[in-house]
Each structure stands twice: as C-alpha cells, then as structure tokens.
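1. everything below, folded, please.
(chains A and B)
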Number of protein chains: 2
Amino acid sequence: MTELPAFHARIEPEWIDYNGHLRDAYYGLILSLAIDDVMDNLGLDAASRQRTQCTLYTLELHLNYLHEVKNTDELQVTTAILDADAKRILAGCRLSCPRLADPVATGEVMLLHVHQGEKPSSVSFPADIETKLVLLKLPADAATTWGPGSRKMEIKRRPST
Amino acid sequence: MTELPAFHARIEPEWIDYNGHLRDAYYGLILSLAIDDVMDNLGLDAASRQRTQCTLYTLELHLNYLHEVKNTDELQVTTAILDADAKRILAGCRLSCPRLADPVATGEVMLLHVHQGEKPSSVSFPADIETKLVLLKLPADAATTWGPGSRKMEIKRRPST
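-> Sure, this is the predicted structure:
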C-alpha cells in the first residue's frame, strides 16, 4: 500500500447550522471519521485495539476552511502521511466535493500511538505498522508543498503609509 | 463588557469514542458552541443575523489536545479576543474541567464577518460591535503569551550524535 484509499462521508441534516451550511465542527468530525478509516487501513482497527490495548490519540489539529459545504454535498477525504516517526503520525487531510475543483477544507492532525492501561503512555508502533508508514510517507518535497497546512494564525495589517 | 462570560457544556453520551473518552471532533463542537455564545454576547445573535443578514464564518482553527475528557466531566470554555480588525476576530478558547488545574484543550479560531446575500462577501463590523471588540481585546503582551496556540505542526527529531 503506497496510498490510502479515500473516505466518503454523508452529511447528516443536524450538521447544518443557522448559516445554512455545514457547521465548522462537523468538518472536524468528518476528518476524525476519516482518521478512523486510516487506522483500519493501517491495521490499527478495533480487533487490534482490543488485542494490544494500543490506539492513536490526537495531540493537535489545524483546519483551513476554504469553501462552504451544503447539505446536498457529498464529501470525500484523501489523507496523506506527511511525516511519521516511531510513535507519531502527522497526517494531512483534504476534504473535497464533486461540484468544486478545489478542496473545501484541508486539515493537519498530529497523532500519537498510546498504550491504554492504568495510565496511558506512548509506545512505539509495531514493526508492521512502521513499515506501512514508511511506504505511505510522502517524499519531503511533496510534504513541504502539501497545503494549506498548519501555521501561526494572525491578523496581518497592511503597513500604514 | 471587558470580559466574555464562560460557556458551560454538557457532554453527550454519543460524543465518547472507542478509546473511552471525548472524541477529538467534539472538543471542536464544544468550541463552536462557545463561539455561538460569544456571538450572542457581542450582539451578533439570531435576531441580528435575521435583521442584517450578517454572521461570522470560520476561516481557520487550531486545537491543542492537552488532557483526556471523560463522560462524567463538565466542561467550561473561556474565550479571549486575541486580536480583531474591521472584519476579523482571532479568538482564543480555553477548555477546562473542575477536576484538573490545567486546561484540557486550547483552541484558536479566526472568524470573518460576512454578509450572506446572493453571494457571501466580507463586510466591516457595525460600530457598536467594533467598540465592544476594542474593549474585549487582550493587551498585546497577554495575547502573545496566551497559549498553547496555533503553530506550524512538525515532528521534531533529536539531532543525531
């Protein structure tokens, strides 16, 4: 596997807010469900979680909202592995819908491999998962230009003349 | 008003995931509901949205997940106005629960004031809202040290020796 399969999401009616479009938080839920699908594809599925008591915790998330999404839209999420080490994955998710050429949102999420016991603690990925991550990881130049990604958010002002 | 009132959230049972704690996306929903409350407090409430066709759109969001949240926890969100200009607000949200001294999560959100007509377009805040934002805005030094806030996410590696 050198690429993760796309995840398809159906928009529930209660996800539409008073502005008549998908509430910001539900872009995050769709991304979260897409990451569950990535876990299944990596082999970190329910059976594995049960057997090993290991799972992924989300440490950090950055979302860029690029287009409004309507209740009639169908969303697709493609996920790239931007980086990974022995315990962590930096994943990049692109949310798109058929009526628009550009993504409707992009997200970056930092995930940590955790053993859930009495006290949760980070642990290294098993060798087979690490091998999969090495194969999936984007080349450094592609990871650098993936985006728009996470950044320091600020209101930039035009210099006064 | 020089400070926004705290927002209290009740955790719904379906927000708990297979890891036995609050799913990452629902931290985002709680933050989104807290921002609705901020809008009410600023005067950008349902009656105003109906009258003016103006609302806030979310442009960007960064969340830091700091502690697990259980289904028995009660969450409180305090929001600070980190920055604002004629059309934008950069808000900082701190999610906390009574059993922990530290926040369980922090979030930064960039909001844009938009007129929803045939084609949504950004517009300046009315004068009364702008005045409220000036009063609420944190001093620059407090805004700088507010955090952990948004940033470029990366997996840092120890230099090899």
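2. give the buried residues for stretch A:71-82.
-> A:73, A:75-82 (16 or more other C-beta atoms under 10 Å in any protein chain shown). The C-beta positions use only the backbone N, C-alpha and C, and glycine is treated the same way.
3. between those residues, which is closest to chain B?
-> Using C-beta to the nearest C-beta, residue A:82 comes nearest to chain B of the buried residues of stretch A:71-82, at 8.8 Å.
4. dump the residue contacts of the closest one.
-> Residue A:82 sits next to A:90-92, A:108, A:137-138, A:143, A:146, A:149 when contact means C-beta atoms under 8 Å, 6 or more residues apart in numbering or on different chains.
5. assign residue A:83 to helix, strand or coil.
-> strand (DSSP: H, G, I helix; E, B strand; the rest coil).
6. residue ranges in chain A under the pLDDT threshold?
-> Applying pLDDT under 70 to chain A flags residues A:160-161.
7. what about the strands in it?
-> Counting by DSSP state E, chain A has strands at residues A:7-10, A:54-65, A:74-84, A:88-96, A:105-115, A:121-122.
8. to residue A:20, which of these lies closest?
-> With C-beta to C-beta, the closest approach to residue A:20 among the strands of chain A belongs to strand A:54-65: 15.0 Å.
9. relative to strand A:88-96, how tilted is the closest one?
-> Per axes from the mean of the first three to the mean of the last three C-alpha atoms, to 10 degrees, the angle that strand A:54-65 makes with strand A:88-96 is 40 degrees.
10. can you give the strand pairings for strand A:54-65, parallel or anti for each?
-> The strands beside strand A:54-65 in its sheet (DSSP bridges) come out as strand A:105-115 (antiparallel), strand B:54-65 (antiparallel).
11. report the buried residues of the first one.
-> Counting neighbours by 16+ other C-beta under 10 Å, one finds that the buried residues in strand A:105-115 are A:105-114.
12. quick check: buried residues in stretch A:94-108?
-> A:94-97, A:103-108.
13. and the residue lying closest to residue A:136 once chain neighbours are set aside, how close does it get to residue A:121?
-> Closest residue to residue A:136 apart from its sequence neighbours, by C-beta to C-beta, 6 or more residues apart in numbering or on different chains: residue A:81 at 4.3 Å. For residue A:81, the distance to residue A:121 equals 23 Å [C-beta to C-beta, to the nearest Å].
14. before we move on, what about residue A:159?
-> Counting by C-beta to C-beta - residue A:159 and residue A:121 are separated by 49 Å.
15. who's more crowded, the two?
-> residue A:121 (9 against 5; other C-beta atoms under 10 Å in any protein chain shown).
16. quick check: the more buried one touching residue A:87?
-> No: counting by C-beta atoms under 8 Å, residue A:121 sits too far from residue A:87 to count as a contact (10.3 Å).
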